[in-house]
Each structure stands twice: as C-alpha cells, then as structure tokens.
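Student: got a predicted structure here, sequence first:
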Amino acid sequence: MILIALIAWPFVAGVAAWIAGRRRPHVARWVSVLAMGAGLLALAVVWIVKAPDFALSGHGPFVASVHVAWVPQLGISFFVAADGLSLVMVTLCYALGLLAVLSSWREVTTRVGFFHFMLLWTIAALVGVFTALDLFLFYFLFEMMLVPMFFLIALWGHERRVYAAVKFFLFTQIGGLLMLVAILALYVIHGRQTGVYTFDYLQLLGTHLSMATATWLMLGFFAAFAVKLPAVPLHTWLPDAHTQAPTAGSLVLAGLLIKIGAYGMIRFMVPLFPQAAFRAAPVFMGLAVLGILYGAVLAFAQRDLKRLVAYTSVSHMGFVLLAIFAWNTLALQGAVLEIVCHAFSTGALFAIVGLMQERLHTRDMDKMGGLWLTAPRLGAVALVFALASLGLPSLGNFVAEFLILIGSWRVSEPATVLAAFGLVAATIYSLWLIQRVFQGRETPAATMPDLTLREGVMLAAMAAPLLWLGVYPQPLFNAVRPGLAALQQRAVRGAPPPSSAVLLPPPTTRAAPTGSDAGAVSMSGDAQ
Amino acid sequence: MTAAGVVTLLPFIALTLSAVVVMLAGTFHTSHRLTVGLTLGGLAWTLAMLPVTAARGGRQVTELLLLDDYTLFFIGLLVLTTAGVVLLSYGYLERRESHPHDYYTLLLLATLGGATLVASTHFASFFLGLEVLSVSLYTLIAYPRLHADFIEAGVKYLVLAAATAAFLLFGMALVYAELGTMSLNGFALLHVTGGGAADTSLLVGGFVLIIVGIGFKLGVVPFHMWTPDIYQGAPAPVTAFVATVSKGAMVALLLRYFRGVSLNPHDTVWIVFAAIAAASMIAGNLLALLQSNVKRLLAYSSIAHLGYILVAFLAVGRTAAVAVGFYLVAYFVTTLGAFGVVAELSGAERDADQIDDYRGLAARRPLLAATFALVLFSLAGIPLTVGFLGKFYVVNAGARSQLWWLLIVLVATSTIGLYYYTRIVVAMYVEQPQALPSAPRPARLGAIAGSRASDAVLIVVAGLVLFLGIYPAPLIRLLEHVVAGLP
C-alpha cells in the first residue's frame, strides 16, 4: 500500500497546489514543498524498516508489491513493486522533486499553481514508472509524463521553448510507440505460447523467442530507452530541451527523465531479451563510447553555459550505457551509482546556471568572467560540482565511473580504454567552465549578488549525497544488490536461453562486501 | 409484418414519429427552446425503446432489417451522439438563425438514416438508409443559408454524394446480376469462402463500385477529397454530425458484412483495403500538417483516424472487432468534443476555425481550453484519455494478426499527428492573442457567453474521455457481448 500512496500522493498534492495557487502563489510553493518533504520522510521510514531485508539473501527481491486487476479482458493489471533499485529511484524522484520546487521559488512567477501541478504530476508519473511491473502500466505512465513535461518546457522555458518542447515530445513519442509495438508483440507471442494473455512482466520473462524475433523486439525497446537516455544518434532533443526548460524542468529532465532509459534497459530490455541484447552489445557499447567522447567534445564547443551542462549529460549517460551492456555486478552497481550521482551533480550545475541567469539575464559564457570576485560562495559551490562532474576521487561520480570502467574492462578492453578518455575530456571541459566563468578578466556587466541562504542550503543538500557516496557508497550497493543479482540471474551472458518460465529466483549470492562473487558468477559464462 | 415485428421496430418508429412531431410543432409554435426540448425528448424516447427491443432478442424484421444487440448498440451510440449535436446546435443557432426548426427535423431524419444503415441486411435498406442520411445532410450543411460558404459546401456534398450513390447502386446491380440475391448476408459469405465459383469479373467490378460508395462515406483516401471542404464549409455542429454519425454508421455496416476480407490476407480485396488504410493514415496526417484552419485540420485528422480503424478492421478475430468498436466510441466522444469547442467559440459571423482564434484561449477561458487540450491529446493518443486506449487496442489487434507494416505506418504517422495537435495546444497556452487593431474578431469571439447546453456536452465529453481512458473495462465488456453475434 505504501507504493500506491507514494504514487498517488503527488497527484493529489498537485491538484491541491493548483487550486491553492489560483489565489496565492506562495501557498502552491509551500504545498509542494510539504508534499515532497512528507514523501521523503515516509521513504526514510521505509528505508529504515526495510533496510535489513536488502541484506538477506534468499529473500525475494521485492520489498513491497501491489497487484490489482485493471482491465482483466486484456490481461492488464495495476502491478507495482519495489526492490532496492526501484526504491532508490523513487527516493531520487522525491528528493529531486523537492529541489526542483525550491529552485523555482523565484524563477517562476506566472501561473504558479499550474506550474506546481505539472511538476508534481511529472514526479508522480515518474514514481509510477520506476515501480511498475506491468508493461502496460509502465508504458501508460511513461507516455503520460510527456504532457506535463511538455507544458513545463513550453510554458515556463526560455527563448526557443516551443521548438524544444515539441522536439522533446515527438522524439520520445516515436520511441515510445515503437516500444508499444514491441510490448504488444511480446504479449501476443506469450499469449500464443501459453494461452495466457498478460502484460505481467514476471510472467513475460519466461517467453521463448527466436533470435530474430527477440532482436526486433529488443530494438523496439531500445528505440524508446535510447531516445530517453539519450544514446548518440538520438540525442539531439536533449540539448534543446535541457537548455530551454526552466531550472526545475532541467533538474527533472537530467535527474530523472533520462534515467528512465537506463532503468528501462536494466529492468526490462536486457532481462526480457538477454541473448539478443548480448549479441548486439558490441554495437551498443560502441554507441556508448561514441556518446561519451562526442558529448564531451560538443560540451567543450558551447558558448551557452546551460547547453554545455546539457552535453555533459550525453557524455555521462554514455558511461551508463556502457555499464548496462557490460552487464556484470561491478558495472551495474557503478551504473546505479552514476545515475544517482549524476542526478545530483548535473542537477546542481543546472540549478547554478539558473541562479546565474536570474541574476545576469544571460547564459552566454563570453559575457561572463571573473565572477569569483563578486560571488565567491557561488564560485566555490560551482567548483565542487564541476569537480564532481570530472570525477574527482572522494566524490560519488568517481566511484561510479571507476566501477563502470573496471566492469567493462572484463568485457571489452578497447571500449574501456576509449571511454577512459572521456574522463580526460571531462576534466578539460569542467575546469574550462570554471576558468571562463569565475576566473579570468572581470566583465563589467557581469556582477551579481552572492548566494542567498535558501540557495546555499539547497546546493549544500545536493553536495552532501555526492560526498557521502564518494566516501562510503556501501549502503547503496547493499540496497540494490539483491535486485540486480536477480536480474543478472535472469540474463546471464553467453548462457543458453532459459527454458522454463520460473519467477525471478532468489539471489544466490551472499551479501559480500563488494559483490565480487556475484560478478564472478556472471563472468564465468562470459563469451569474451 | 407481424405485431411482434412492430414492437421490435419501436426504436425506428420512435425516431420517425419524433421527426414528424418536431416538424409539426415548428409550424404551430416558433420557440427554439421548445423544438430542442421535443427533439431531445424524441431521442430519449428512442433510447428508452432500445432495451424493450433488446429484451425480445435479436430479430429479423422483414428481409430488410435486423435488430440484434449489435444494431441496438450502434443505434444507441448514434442517438446519444445526435443528442450531443442537438445541444451544441442550440447555442450555435441561437446566435445566428431565426428559423431553426426544420434543422432539428432534418437532424432526426439523418439519424434515422444512420440507424437504418446499421440495421440493414439487404441492398434496398442499405441504399435507403444511405440516401435518407445523405439527403438530410445536403440541407443541413447549407442550412444557415445566409452564408455563401455553407451553400457552397452543401452543393459540393450534393454533387459528390449523388455521384457516388450512383456508383454504389450500379455496383449493387452488378452483384445482383451475378448472385441473384440482394441480401447482404449472401454477399458477406462470398469473402468467407474466398469467392470460389462466383469469382467473376462482374462480381469484382460490382464489389469495387460498392467500395467506392462506402469509401466516400467514410472519407478515406482516395475518396477523401470532399472531407476538408465540407468540414470547413459546414456549420460546426453539422460537421460534428458528419464526422461522427454519418461515418460511424458506415463503419458499423462495414464491420458486420465485410469482415470476411480479413480472413484472406494477400487477397486482392484485402490488399485494396490495406492500401486504403495506409494511404489514409499517411495522406491524412501529412496534409493536416499544412493546415492553418482548425476545421480542415480536424478533417484531415479524421481521414487518418478512419485509417487507424481500418487497420483494426483488417485484423482477424474478436479482439479486432472489439478494437473497431472501441476506437469508434473513442473517436465519437473526442470528435464531438473537438467540434463542440469550435461551435462554442463561433460567433454570429463566422466559425472560429483559424488557429489564430485560439491564441491565448487558456487565459480567456481556461476550462474551455483545458477541454480542448484534453480532446486533442485524446486524438493524439496520450495516456489518461480514451484515445490512448483506442490506439492501444488497434495496435493490439494488429499485432495479433501480425500486420507489422500497417503498424509501422500507424506509429510513424501518429507521431506526425502529435505535432499538429500540439500546435493548437501551443496556440492556446503559450501564444498571446493577436493585438491587431483591424481584427476585433478574436476578442469578440472570446467574449461570447457560452451557452449552458454546449457546456453540458463538453463536461460530459471531458468526463467520458477521462473515465474511459482510466477504466475501460465496462465498455469492453459491453462491446465483447455486442460483437459476439458477428460472423
């Protein structure tokens, strides 16, 4: 029941914020803050109560689930469940939702109630996406969030907001529709084989597919998730959408929406079509490396500060894609850590750009310089997040990318070597950013007040998890390991196709400190 | 015809009598409100007769009409939609027409024509229903006769519909010459058995001519040329009627007697239908991109939607039949809503059909803009709306029959569709109203007080779009029962 509450809560709060905001904009803000805060508190309780469960081996990977028939004629049910991975994502949703509300405190001044309504509905749909285990429900929420996100960009964005919003909408929609066709094809094939027409992910896992069919269906899923992630040839919506969105929109986009791509691949695509996915892995790892380098090079070429940050997302998500197709414990844990850390580090950079735009009314880096003199605290905070982005040890991103590189080394050495150059490029563009904006010659037009207390607290709250995960990431690994191990057992590299339709088996690995033995299990059958 | 037959025909009798009563009342008492009340009363009476007939079980009355649950369901759908159109017309005609009485008589007669079409089992009743529907529409389209646009549209429709009716009639004659029967059932059996001995050139010719007649009514490519002109030229409530009742009745007939086509994929007739479906989806969506007139845009989008319906029509099995029914209901509800908004915004001088008329609507009339946005997202197939489930159902039916190419076309073109629907949404929500001193119209259009009748329709439509979009199970159950009797 806690899951239903977590999904329904932002929907309800969104309507309340809208109604409240019609008279007094400030009430809408407070309603949203309280809603997100209350959700976070509830999640904290869940973490504390359920935390021992994650460490237990032999315990099913799902700590909470709800299964209610919805459209029984078509085998559609309202099936939500959370394992450690889902719970991490849901917590991330609420945390970034809170930060998004805080970051738009002064930026959004028109139609405030409507803005918070849209923001909270996006969060609600996201929470649903990260917990849905019915493919219909997943697709339903996946598509549903496009509308509020579209409005967030189109109504409160910057100069070219309509263009960016429509582009985002269309790209995601065509990817989503291809996934819908793939979902339905899988549903029909499963129905033919077993006589049971259902969208239940756990049952569909056992579907026996020929290699050709599996490849086509996997490509349908890949289309949707690669657009979201984004993988390189499909990334062109991202710089526009991120740049034109209001700060809250950029935060939600970079922190949560694009993570659906990674989550979807880990949860659905690879376990449903393991053989097809592994056969295509070299191609996708190639795309990942291309994304890492291309994103970094393009980031370096930008004059628009926000666009620069947007392109770094392309680069960082390349690492996640690389990890997913390496598909071993180290890489996957690195991917989850990267998802979390990137949400905070890039989210914070977007928030900083938003603060600067509020003050300077420009995002053009040529018009900035020497800002450290007038705003030293802002400069220092920006430096922290730039360092996180380039992968400085002791901050979470370093641990994540390090694990990903170790994990993918075992699968593809050339890809790993090339991906490592991405770290070098990240160092260059991050330091270059700081140098151009905060150091250098002072531009007379560019003087601005320093951080306020609200902004300072907000950014500190984003830096804290990075530091924590950089020093002691073990609790996160403990939480996600059983879920990931169950998925890995489903999809073992190089193994023959599964013949029986067993439910997710319990993880066999003991809760080892680094999960290295689980990695060894998946490595043993490695075709490389 | 026996007494039992008369009881079975009660819905038809109710509709016919209502038309007469409304006509007579108009000659004695010239109150618009009374006429509308009588019309609605007549429609309600017809609806009330449906369960009476249903209780007697499916029944053939003479050789011409069959009133089984399938027929009754679609008659109910047509009647309810007509009631919506009547309510929309009330406010619309109040603003611009002094003698609106015959309008409602014609509307009832057109509905009767549609109902006959749905119930027909014979070429004679098929043609009769079609003509009653068409002849009423000629007049309805040109009804506000003070405006040249309406008259032009009416004449255009008259010429084209009369010509295609001739095609249809000639096709029927050819089929009759070959088969010696005018029963639609015998005709339908042909496809199930794959033609066989009767597969002669005369028969194929007749069949093609009949397809021309049906294709014209549906407005699918290549028989779609009239659609944008008539949609643009006709008064908004009549456009809603043409888009829903007139097309829907024909889809119901097609689904009952032509489903055999789906059993023989790669048969010539099957390929003809598949080509029509693909061409409608592609041409409808691409041409809609070029429109700046909302009514024309909706016309092209309706061409595309009929293409989607044909995809489900070409799929095999009960699920596909349910998909056609579900999509049709979704299409009815959303189309009525879309034209309802257009009608509500239309002033006395012209219809609010330019996208510019919708600029900044969200600021002027937030609820109306929200309804229109909801309906447009439903047409685009976004979740939480009935349009999404409709599209989902169609893709589901197509996937079960492995119509991959048609599905890819559907996916690609409906993404294009999303683009032009969002254009209107952007106009309503993002853009500011035009501030041209020489064009006072948009300001005045927004200032018109919404009449309560059309508000009620829009509220019901919005409620249905959301309700069926979230909880479709009851409608699906009903449809499964309804199509169970199909061959």
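Tutor: Arrived safely, thanks for sending.
Student: around chain A, pick out the residues from the stretch 251-400 of chain B.
Tutor: Proximity of the stretch 251-400 of chain B to chain A, by C-beta under 8 Å from any C-beta of the partner chain, involves residues B:377, B:382-384, B:388, B:392, B:395-396, B:399-400. (Glycine included, C-beta is placed from N, CA and C.)
Student: now pLDDT and neighbour count too, for the residues you listed, in CSV please.
Tutor: Shown next, in CSV, are those (pLDDT from 0 to 100; neighbours: other C-beta atoms under 10 Å in any protein chain shown):
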residue, pLDDT, neighbour count
B:F377, 94, 26
B:I382, 91, 23
B:P383, 90, 24
B:L384, 90, 21
B:F388, 94, 24
B:F392, 93, 25
B:V395, 93, 28
B:N396, 92, 25
B:A399, 91, 23
B:R400, 90, 21
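Student: distance of B:P235 from chain A?
Tutor: 31 Å (C-beta to the nearest C-beta, to the nearest Å).
Student: contact partners for the residue nearest to that residue when sequence neighbours are not counted?
Tutor: In this structure, B:P235 finds its nearest non-sequential neighbour in B:P144, 5.6 Å apart by C-beta to C-beta, 6 or more residues apart in numbering or on different chains. B:P144 is in contact with B:93, B:96-97, B:150, B:235, counting by C-beta atoms under 8 Å, 6 or more residues apart in numbering or on different chains.
Student: which helix in the chain runs the most residues?
Tutor: Since no chain was named, I'll use chain A. Identified as the longest helix of chain A according to DSSP state H is helix A:161-194.
Student: my question was about chain B
Tutor: helix B:148-179.
Student: how far does that helix sit from its chain's centre?
Tutor: 18 Å (C-alpha atoms, centre = their mean, to the nearest Å).
Student: sorry, back to before: with neighbour count added, can I get the contacts of B:P144 in CSV?
Tutor: Output for the contacts of B:P144, formatted as CSV (neighbours: other C-beta atoms under 10 Å in any protein chain shown):
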residue, neighbour count
B:L93, 23
B:R96, 16
B:E97, 18
B:F150, 20
B:P235, 29
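Student: which among those gets closest to chain A?
Tutor: Chain A has its nearest neighbour among these in B:P235, at 31.5 Å by C-beta to the nearest C-beta.
Student: distance check, that closest one against B:H147.
Tutor: Distance, B:P235 to B:H147, by C-beta to C-beta, to the nearest Å: 9 Å.
Student: one step back: for the residues of the stretch 251-400 of chain B next to chain A, name the two members farthest from one another.
Tutor: B:F377 and B:R400 (26.4 Å; C-beta to C-beta).
Student: what stretches of the chain score poorly on pLDDT?
Tutor: No chain in the question, so chain A it is. Scanning chain A for pLDDT under 70 picks out A:51-61, A:444-447, A:493-528.
Student: to clarify, I was referring to chain B.
Tutor: Using pLDDT under 70, the flagged stretches of chain B are B:1, B:58, B:97-98, B:186-199, B:434-450, B:487.
Student: nearest spatial neighbour of A:F402, skipping sequence neighbours?
Tutor: A:F402 sits nearest to A:G334 (C-beta to C-beta, 6+ apart), 7.3 Å away.
Student: from memory the one you found sits against A:G407, does it?
Tutor: Yes: the criterion here is C-beta atoms under 8 Å, and A:G334 meets it with A:G407 at 6.0 Å.
Student: what's the overlap in contacts for these two?
Tutor: Counting by C-beta under 8 Å, 6+ apart, the residues touching both A:G334 and A:G407 are A:A323.
Student: just give the closest residue to B:L133, not the sequence neighbours.
Tutor: Distance criterion C-beta to C-beta, 6+ apart; nearest residue to B:L133, sequence neighbours excluded, is B:G113 at 3.1 Å.
Student: burial measure for that neighbour, as a count.
Tutor: B:G113 has 25 neighbours, counted by other C-beta atoms under 10 Å in any protein chain shown.
Student: and B:T30, backbone torsions?
Tutor: Main-chain torsions, B:T30, degrees, to the nearest 10: phi -100, psi 60.
Student: same deal with A:I76?
Tutor: According to degrees, to the nearest 10, A:I76 has phi -100, psi 130.
Student: now do the same contact list for it.
Tutor: Taking C-beta under 8 Å, 6+ apart, one finds A:70, A:134, A:136-137, A:199 in contact with A:I76.
Student: if we check chain B, which of these are in contact?
Tutor: Answer for the contacts of A:I76 near chain B (C-beta under 8 Å from any C-beta): A:70, A:136.
Student: show me which of the contacts of A:I76 is closest to B:L418.
Tutor: Among the contacts of A:I76, and counting by C-beta to C-beta, the member closest to B:L418 is A:F136, at 20.1 Å.
Student: test my guess that the closest one contacts A:L186.
Tutor: No: taking C-beta under 8 Å as the definition, A:F136 is not a contact partner of A:L186, at 11.4 Å.
Student: re the thing from before, what residues of the longest helix of chain B count as buried?
Tutor: By 16 or more other C-beta atoms under 10 Å in any protein chain shown, the buried positions in helix B:148-179 come out as B:149-154, B:156-158, B:160-161, B:164-165, B:167-172, B:174-175, B:178-179.
Student: and if you look at stretch A:188-195?
Tutor: A:188-191.
Student: one step back: possible to save the residues of the stretch 251-400 of chain B next to chain A as a markdown table with secondary structure and distance to B:L17?
Tutor: Output for these, formatted as a markdown table (DSSP: H, G, I helix; E, B strand; the rest coil; distance: C-beta to C-beta, whole Å):
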| residue | secondary structure | distance to B:L17 |
| --- | --- | --- |
| B:F377 | helix | 41 |
| B:I382 | coil | 43 |
| B:P383 | coil | 44 |
| B:L384 | coil | 42 |
| B:F388 | helix | 40 |
| B:F392 | helix | 41 |
| B:V395 | helix | 43 |
| B:N396 | helix | 42 |
| B:A399 | helix | 47 |
| B:R400 | helix | 44 |
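Student: tell me what the one helix or strand A:F385 maps to is packed against?
Tutor: Assigned by DSSP states H and E, A:F385 falls within helix A:376-390. Packing partners of helix A:376-390 (3 or more C-beta pairs under 8 Å, 6 or more residues apart in numbering or on different chains; DSSP states H and E): helix A:329-360, helix A:396-409, helix A:413-438, helix A:453-471.
Student: and that helix, which residues are buried?
Tutor: A:378-379, A:381-390.
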